[in-house]
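Enquirer: this one's structure only:
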């Protein structure tokens with residue numbers, strides 16, 4: 001049974017690398033059954049990790065994956081060893097990112113602590129990926145970049161090329177959020193070469209996704225459209241759980257940046273919102289803003305009351321914290337002077353940051369731009385002018401022509 005379990009694990013890895021996620025899960029499911037028959041907790045742990053898969057997609061938790069990881073973690077301490085237990089904790093932390101954020105935070109911290117104590121670079125690199133995700137909230141981009149840098153160095157030292165590639169994946173997002181767009185582009189180029197050499201489709205599709213995001217930021221809309229279509233094609237082919245949703249979202253953002261609001265399919269965005277693992281607060285402010293720009297006042301006002309309820313309690317403080325900038329756009333478009341100060345207070349500490357949507361769907365304008373909109377709405381043109389000036393300078397520095405133009409319009 002143990003020998004057959006190992007063969008099933010190898011088969012699962014081969015299928016996972018060749019875009020057959022269903023087949024990979026079948027093989028790892030069989031490996032888990034054989035590991036139980038052999039009473040081998042280490043093989044069960046490897047089956048659980050293989051069942052979760054090579055790629056990293058922050059989506060809603062899968063019940064079977066969670067159950068298998070918890071079963072593996074239930075083994076006695078001595079039966080697993082610290083490095084393997086740390087990897088299991090990290091995998092479970094990623095799986096629970098949206099459904100149990102407090103537990104996810106706790107598990108990711110435990111995983112890193114155990115891996116550090118064990119002194120195994122490969123295990124530590126993999127646990128740092130979960131820690132990076134746990135730190136994904138407003139104002140922590142510098143901290144996350146440090147985690148990604150350490151992860152990359154450890155992965156290279158351990159000759160774990162997949163973990164090193166994931167570290168670069170995180171670095172692209174962090175660099176974009178910090179406004180270091182040219183550094184991010186260089187990172188994308190290196191990532192693209194390494195991903196092509198490894199031939200892992202679930203990593204390669206991010207390259208055109210990021211290039212589309214940067215093209216939108218710079219106003220090269222034709223190039224963005226081509227790259228976005230390629231990203232969606234490759235992502236769906238790789239069976240990435242985020243690919244179809246990311247493609248539809250990026251297309252809507254592409255239209256919004258061109259102020260083609262009436263061409264956006266709001267009904268589709270509503271369907272995406274209800275089918276997403278994220279909270280309603282990650283989507284509704286954006287939908288309300290688009291409705292307001294389209295002149296659909298009644299729908300926009302109704303949605304806005306939901307967004308603003310209890311001092312904007314629905315706005316997330318996780319990977320989707322950029323929703324606060326959508327709320328700022330909605331607030332300004334609807335002219336809600338009374339609620340603008342609450343959003344100003346929420347966003348002001350991050351004035352220099354450029355929020356990134358999802359795993360690189362789009363790069364927002366600097367937060368200072370949205371502060372300018374809010375301050376003008378609140379009736380403070382002097383402060384608004386300072387914010388728009390800062391936004392214009394930041395946009396000009398990175399070549400974000402559309403938002404530079406909007407900043408000048410605000411001035």
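Expert: Yep, it's here. It should be emphasised that the depicted structure is a prediction, and the values quoted were computed from it without experimental measurement.
Enquirer: all strands of the stretch 251-400 of the chain, in order?
Expert: 356-357, 362-363 (DSSP state E, counting those that start in this stretch).
Enquirer: okay, those strands, which one's buried deepest?
Expert: Most buried of those, by mean neighbour count (mean count of other Cβ atoms under 10 Å): strand 362-363, with a mean of 26. To be clear about C-beta, it is placed using only N, CA and C from the backbone, and glycine gets the same treatment.
Enquirer: and residue 158, backbone torsions?
Expert: phi -90, psi 0 (degrees, to the nearest 10).
Enquirer: and the closest residue to it other than its chain neighbours, how close does it get to residue 17?
Expert: Excluding the flanking residues, the one nearest residue 158 by Cβ to Cβ, 6 or more residues apart in numbering is residue 122, at 3.6 Å. Distance of residue 122 to residue 17, given as Cβ to Cβ, to the nearest Å: 18 Å.
Enquirer: equivalent analysis for residue 156, please.
Expert: 20 Å.
Enquirer: point out where the chain drops to low pLDDT.
Expert: 55-60, 276-278 (pLDDT under 70).
Enquirer: mind doing that once more with 80?
Expert: Within the chain, the stretches with pLDDT under 80 are 19, 54-61, 77-78, 239-241, 275-279.
Enquirer: which residue lies farthest from the center of it?
Expert: No residue in the chain sits farther from the centre than residue 1, which is 39.2 Å out by Cα atoms, centre = their mean.
Enquirer: hang on, that one packs against residue 31?
Expert: No - judged on Cβ atoms under 8 Å, residue 1 makes no contact with residue 31 at a distance of 10.0 Å.
Enquirer: what comes into contact with stretch 230-250?
Expert: 19-22, 55, 57-59, 201-202, 204-209, 212-213, 216, 228-229, 268-269, 272, 275-276, 357-359, 361-362 (Cβ atoms under 8 Å, 6 or more residues apart in numbering).
Enquirer: which of those residues count as buried?
Expert: For the contacts of stretch 230-250, a burial check counting by 16 or more other Cβ atoms under 10 Å picks out 21, 55, 57-59, 201-202, 204-209, 212-213, 216, 228, 269, 272, 276, 357-359, 361-362.
Enquirer: mark which of these are part of helices, please.
Expert: Members of the buried ones among the contacts of stretch 230-250 lying in helices (criterion: DSSP state H): 21, 201-202, 204, 206-209, 212-213, 216, 228, 269, 272.
Enquirer: quick one: stretch 11-25 to chain centroid distance?
Expert: 23 Å (Cα atoms, centre = their mean, to the nearest Å).
Enquirer: next: stretch 132-139.
Expert: 10 Å.
Enquirer: how about that stretch: buried residues?
Expert: 132, 133, 134, 135, 136, 138.
Enquirer: and the end-to-end length of that stretch?
Expert: One end of stretch 132-139 sits 13 Å from the other (Cα to Cα, to the nearest Å).
Enquirer: skip the chain neighbours and tell me the closest residue to residue 268.
Expert: residue 248 is the one closest to residue 268 (Cβ to Cβ, 6+ apart), at 6.2 Å.
Enquirer: what of residue 64?
Expert: According to Cβ to Cβ, 6+ apart, the nearest residue to residue 64 is residue 51 (7.5 Å).
Enquirer: OK, contacts around the one you found?
Expert: With the criterion set at Cβ under 8 Å, 6+ apart, residue 51 makes contact with 12, 24, 25, 28, 29, 32, 64, 65, 68.
Enquirer: just the ones of those in helices?
Expert: Using DSSP H, the contacts of residue 51 in helices are 12, 24, 25, 28, 29, 32, 64, 65, 68.
Enquirer: surely the last one and residue 32 touch.
Expert: Think residue 68. Yes - if you go by Cβ under 8 Å, residue 68 and residue 32 touch, sitting 6.2 Å apart.
Enquirer: of those two, which one has the most company?
Expert: It is residue 68, of residue 68 and residue 32, that has more neighbours when counted by other Cβ atoms under 10 Å, with 27 against 24.
Enquirer: okay, now the residue lying closest to that one once chain neighbours are set aside: neighbour count?
Expert: Leaving aside its chain neighbours, residue 68 sits nearest to residue 48 (4.3 Å; criterion: Cβ to Cβ, 6+ apart). Around residue 48 there are 26 other residues, counting by other Cβ under 10 Å.
Enquirer: swap in residue 230?
Expert: 17.
Enquirer: how about residue 243?
Expert: The tally of other residues near residue 243 (other Cβ under 10 Å) stands at 21.
Enquirer: related to what we said a few turns ago, closest one of the ones in helices among the buried ones among the contacts of stretch 230-250 to residue 44?
Expert: residue 21 (20.3 Å; Cβ to Cβ).
Enquirer: my understanding was that the closest one contacts residue 52; is that so?
Expert: No - in this structure residue 21 lies outside contact range of residue 52 using Cβ under 8 Å: 10.7 Å.
Enquirer: which residues touch stretch 116-124?
Expert: 81-84, 86-87, 112, 115, 154-155, 157-158, 160, 163.
Enquirer: next, the contact list for the spatially closest residue to residue 286 that is not a sequence neighbour, please.
Expert: Excluding the flanking residues, the one nearest residue 286 by Cβ to Cβ, 6+ apart is residue 326, at 4.1 Å. Counting by Cβ under 8 Å, 6+ apart, residue 326 makes contact with 285, 286, 288, 289.
Enquirer: for residue 4, same thing?
Expert: residue 34.
Enquirer: same question for residue 112.
Expert: 86, 90, 124, 127, 128, 130, 131.
Enquirer: correct me, but the last one touches residue 147?
Expert: Yes - applying Cβ under 8 Å, one finds residue 131 in contact with residue 147, separated by 5.7 Å.
Enquirer: between these two, who's got more neighbours?
Expert: Each of residue 131 and residue 147 has its neighbours counted (other Cβ under 10 Å); residue 131 has more, 25 against 22.
Enquirer: with residue 145 as the reference, measure out to that one.
Expert: Per Cβ to Cβ, residue 131 is found 13 Å from residue 145.
Enquirer: now swap in residue 341 and tell me
Expert: 31 Å.
Enquirer: of these two, who's got more company?
Expert: residue 145 (19 against 14).
Enquirer: if we can go back for a sec, would you reformat the ones in helices among the buried ones among the contacts of stretch 230-250 as CSV and include distance to residue 336?
Expert: Shown next, in CSV, are these (distance: Cβ to Cβ, whole Å):
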residue, distance to residue 336
21, 45
201, 45
202, 42
204, 43
206, 37
207, 40
208, 38
209, 34
212, 32
213, 29
216, 27
228, 32
269, 21
272, 25
